[in-house]
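> Whatever this is, show me its structure:
(chains A and B)
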Amino acid sequence: MKQTKIRVAIIKGIRTPFQRSGTGYRDMMAWEIGRYAVKGLIAASGISHEDVDHVIMGTVAADIATTNVAREIALGAGLPHHIPAHTCTAACISSNVAIINGANLIAGGGADAVIAGGVETYSDAPIKISKKYRRFLLDLTTFKKPKTLVGKIRLLKGMGLSDFIRPETPALSEYSTGLLMGENNELLAKRMGISREEQDRYAALSHDRAVRASMEGEFMNEIVPLVPPGSTAPITMDNGPRADSTFEKLSKLKPAFDKNYGTVTAGNSSFLTDGAAAILLMREDKARALGLEPVGFIRSYAFTGQELVDELLLGPAFAIPRALHSAGLRLKDIGVFEIHGAFAAQMLANIKCLESDSFGREKLGLKGKAGEIDMNKVNTLGGSLSIGHPFGATGARLVTTCCGRMKKSGAGFGIVAGCAAGSLGNAIVIENR
Amino acid sequence: MKYMKAEIAGNNILVITIDSPGADVNVITKAMMEEVSSSIGIAEKDGTVRGIVIMSGKKDNFIAGADLEEFLSAEKEEDILKYITGGHAILKRIKALKIPVITAINGSCMGGGFELSLFTTYRMASNSPSTFMGLPEVLAGLFPAGGGTQLLPGLIGLTEALPILLTGKRVRPKEALRIGLIDEVVPAQGLREAAIKRADLIALNGIPKKRPGKIKRPLIIRALESTSIGRKIILKKALAGVMKKTAGLYPAPLEVLKSVSYGYRHGMEKGLAKDGKTLARLVTGAVSKSLISIFFSMNRHKKNPFRDKPAKIEKLAILGAGLMGTGIASISLPVCGTILLKDSSMDRAAAGMKQIWDGLMKQVKSGSISRFEAAAGYGRVVPCHDYSGFKNTGLVIEAVFEDLNLKKKVLRDMESNTGRDTIFASNTSAIPIASIAEGCKHPENVIGMHYFSPVPGMPLLEIIRTSRTSNRAASAAVEFGLRQGKTCIIVKDGPGFYTTRVISSFLMEAGILMGEGVPVPLIDRAMVLSGFPMGPAALMDEIGIDVALHVSRVMEPLFSKREIIAPPFQGFIEKGFLGRKSGMGFYRYDLPKKKGSRIINNSIHEIIGKMDNDKIKPEDIQKRLTLRMAGEAILCLEEGIISSPDDGDIGAVMGVGFPPLLGGPFRYADSIGAAALADEMNKLRDLHGNRFQPQNILLAMAGKNGRFHRA
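Residues are numbered from 1 along each chain as shown, chains lettered A, B, ... in the order given. The predicted structure follows:
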């Protein structure tokens, strides 16, 4: 993007409070959660609806009733119907894709201003009836429609009682390998030799940072409080971070995936989360003309695809060096890191890889390691482990927090990175002048 | 034909599309009726026509009713009678046709349009949210003489018909189908084709017996309605309801009941003939004249008088999420993109959000909006407790506590958090806008927007300009009010502006009467009997006695000059008698109601003293209170607070409950005559003091037989 004349400015980012699934947003549909972020963004940035040209939202577990959830969100936020909207999906980097889609739309001249972000709810996850029962119902009502009773009874052939009772629960597993994300993380921890203690210490640090940031009002500028329909109780802050998630407490938990030899627990993994986030992207010259003060600019980005077992969770380690390369920057130039870490082990593994000479040589084609990373620059306000991880919304949260931290610290460059199911990676380099 | 198009469609179905040239809605005129008559003639003569469909060419309207102006231009009773009998003849011809006639209704179907449908074989309505049916005649002091009272009870049953006939309430398609007012609901998009198909089917097979969606009414009700004794019971109960609501001051609903009863006894033919005569009598009566003058005046107030192109308010902020704030937010949902609802804490803002949500759910239930529209409307409101989202807000309306310093503070805060052009409107009911604007950066942006409670239900918006308010701000405020569906009057700044001055005169005079020992129920009853929606004591209980006292303090600089002293109600506050909200005021609200009447709070005698002066005649109470209000209104005109008697009438009737049957203080003054009114005031002044001094403009008028309104 550095080649193009049009620079894409990040004007502002807003998110809803993130809520553990089944709590604050349990009765809301995804579009309802998403529109608060978009509406809050419009209110806070002070732009007119007419200044928005396109809305792009990422989501993972789409509700069949609102498959293009971005459109319902745009309409539900009061945006005029002539503003188009589309939904994109790429697992945990869905909103990273939305943001880069939006940036490219602007850079390519297709839009002057785009709202990009994402939404997720797991409070109402689609639980399906058994495959056999589905087959029976579809044949009965749609495909075969037998006229006689005998014909109808014939459709029951091969079905047992449990097929009617036992549902299929949605699994967070890798389709091609059949492994659960947590099992994959367990393998990664073992392969990279990341101890239980390291993981628990990192998880405790993440909670501690998030609790402190929340108390000190660090998120005031990025969270829009909301009141669920029909309720009188406002939701004003994240309910993920826990002050009592200390190292001592975390070390008492039992392993979740490998009961005998495992190190990955519920405590050093992220939890199911509901929430939405959105950012406003705009041509730099238009932003100036409207008198808006950008909080950052998109300097470069990279998407990567990796091998499906051993490299599944290493997206950042692959994508960060590539995005830096196209920005003409080195790791040491980066003042702010916002890296999505669904698991403590995964987070630590990515750092290890970036600091490893052999990884740099073998996987990245560099002369040695990508560089050293100062952990005091990484996720200093907490991360997905503590704040939560609404799959479709995390990338937009990271960009917002990254810009906020850059502004506060005066850092010239920041980087946002994440990995996703399907073994994908993404990194976005942000500059602030 | 000018007003309609008649064409043959489908299998010899005559489609009559009513489409008045150059108008948004169809109104029934003589010329239109002639064209309807000749269209019916085609069907009568041409044996090949198998059915008729009557529909409208307008977007959101079937027929809005009769052309009132044309109708009222008939000077004599016999002209009106001729007009209505002409209409009856056409309607009867439609009913007598051997072929099916289908009314296909999309949009508003009112008055004569509604009645036309009653004479047809089959009624279809579109499912559009803008479709509704109603008989608003009673609201104008008239009466549905086009067959409404004769045919509606037979169609849907007496108990369902009476509320529609008596209150002018609107019925939406879902409800209309349920009670059998319409036979079928179809999508608006295919209404014409569906109606043609239905006409064809009925011509072939007759009217379908099964009406999906229609409920079966309880057997006991049907049994009651089927006997004359049963009907008498129902009608008697309805009469009692009307008397309770209107004190018998409005003849129209009483005539409705008589007509329904007559129709049952003598049949439609005779009933219609009698209805025509009744209508002719009502039209020329004083009550109907007053009500119609209000109706026309409301229409005149639908235009923005400013030539400046008003700024469109896309982003609105409301300060204060109480009853007023949430009410204003609710009616702004359809006209704003973003609404910030700010209060001092998120919890307070959230309580306001619940109010907004509950209001939306009611609208969903009534069918006026869809579930998604409600959800999206709710999503337009952003609750907050700080000014962080206020950038580029077009209009800020404050509805915070009535405290001058607090209002000045929120204005200052707002100015430092919004743009140079943001308009600031105060919803104060009495505090002068200029004193709120004192010391602010941009007094040209400050204006008053005085909404009335409950905001969604009260039609008036009083807009207050200070000497420094810009035309830009005033024009934007008026435009915004009009888009919210309010009737706007623009008044000059001063304590209590216009409406609060008028209502304060009413309340203070009541206080003086109480001080003279006149019992509270006597005062309240006298005023209700003269057409006020409630008496002054009951009204103070509703608005809060603390609020009323605060207002009287604001009014003091204005009123004390004329020796109007606020009644000594301070003791109410000390005892915690604040009105309904505290359970006790002049009346008790903590006890179960006694057969509909309020229970007096006997402890008030410890504050006011003995109240045993029950010799006073109700007419004297009525005269003193009504003349104080009228006098204050006239003084407001003299001082230029209001710019016309028309504004004064609309403001008093819609804002403070001045009896609509009197048409407003200025029409009331005209009906008495300036000289006679000045005389009355002089008499009262001699008895009760200077507050009854006739105003200079009234005295000037009295000398030359003048009037406020043109005759």
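
> Name the nearest residue to residue A:233, sequence neighbours excluded.
Using C-beta to C-beta, 6 or more residues apart in numbering or on different chains and skipping the chain neighbours, the partner closest in space to residue A:233 is residue B:350 (6.3 Å). Using the backbone N, CA and C atoms, a C-beta is placed for each residue, glycine as well.

> Can you report how many residues lie near that neighbour?
Counted with other C-beta atoms under 10 Å in any protein chain shown, the neighbours of residue B:350 add up to 24.

> List the contacts of it.
Applying C-beta atoms under 8 Å, 6 or more residues apart in numbering or on different chains, one finds that residue B:350 lies in contact with A:227, A:231-234, B:383.

> Wait, residue B:48 touches residue B:11, no?
No - judged on C-beta atoms under 8 Å, residue B:48 makes no contact with residue B:11 at a distance of 10.1 Å.

> Give me the pLDDT for the residue in chain B positioned nearest to chain A.
In chain B, the residue that lies nearest chain A is residue B:391 (3.1 Å; C-beta to the nearest C-beta). For residue B:391, the pLDDT comes out at 91.

> From residue B:422, how far out is the spatially closest residue to it that is not a sequence neighbour?
Among residues not flanking residue B:391 along the chain, residue A:46 sits closest, at 3.1 Å (C-beta to C-beta, 6+ apart). With distances taken as C-beta to C-beta, to the nearest Å, residue A:46 is found 11 Å from residue B:422.

> Need the overlap of contacts for the two.
Common neighbours of residue A:46 and residue B:422 (C-beta under 8 Å, 6+ apart) are B:392-393.

> Please tell me how far the residue in chain A that chain B sits nearest to sits from residue B:420.
In chain A, the residue that lies nearest chain B is residue A:46 (3.1 Å; C-beta to the nearest C-beta). Noted for residue A:46: a distance of 13 Å to residue B:420, by C-beta to C-beta.

> What average pLDDT does the helix ranked longest in chain B get?
The single longest helix within chain B, with elements called by DSSP state H, is helix B:251-283. Regarding helix B:251-283, the rounded mean pLDDT is 95.

> Got the domain ranges for chain A?
Annotated domains of chain A cover A:8-124+A:271-431, A:131-165 [automatic domain parsing].

> Which other helices and strands does the one helix or strand in chain A whose mean pLDDT sits lowest contact?
For chain A, the helix or strand with the lowest mean confidence is helix A:161-165, at a mean of 84 (criterion: mean pLDDT, DSSP states H and E). Secondary-structure packing of helix A:161-165 (3 or more C-beta pairs under 8 Å, 6 or more residues apart in numbering or on different chains; DSSP states H and E): helix A:131-138.

> for the helix it packs on, packing partners?
Short answer (3+ C-beta pairs under 8 Å, 6+ apart): helix A:131-138 packs on helix A:161-165.

> How far away from the center of its chain is the helix it packs on?
Here helix A:161-165 is found 36 Å from its chain centre; the criterion is C-alpha atoms, centre = their mean, to the nearest Å.

> quick one: buried residues of that helix?
Using 16 or more other C-beta atoms under 10 Å in any protein chain shown as the test for burial, helix A:161-165 gives residue A:163.

> One more: stretch A:37-52?
A:37-47, A:49, A:51-52.
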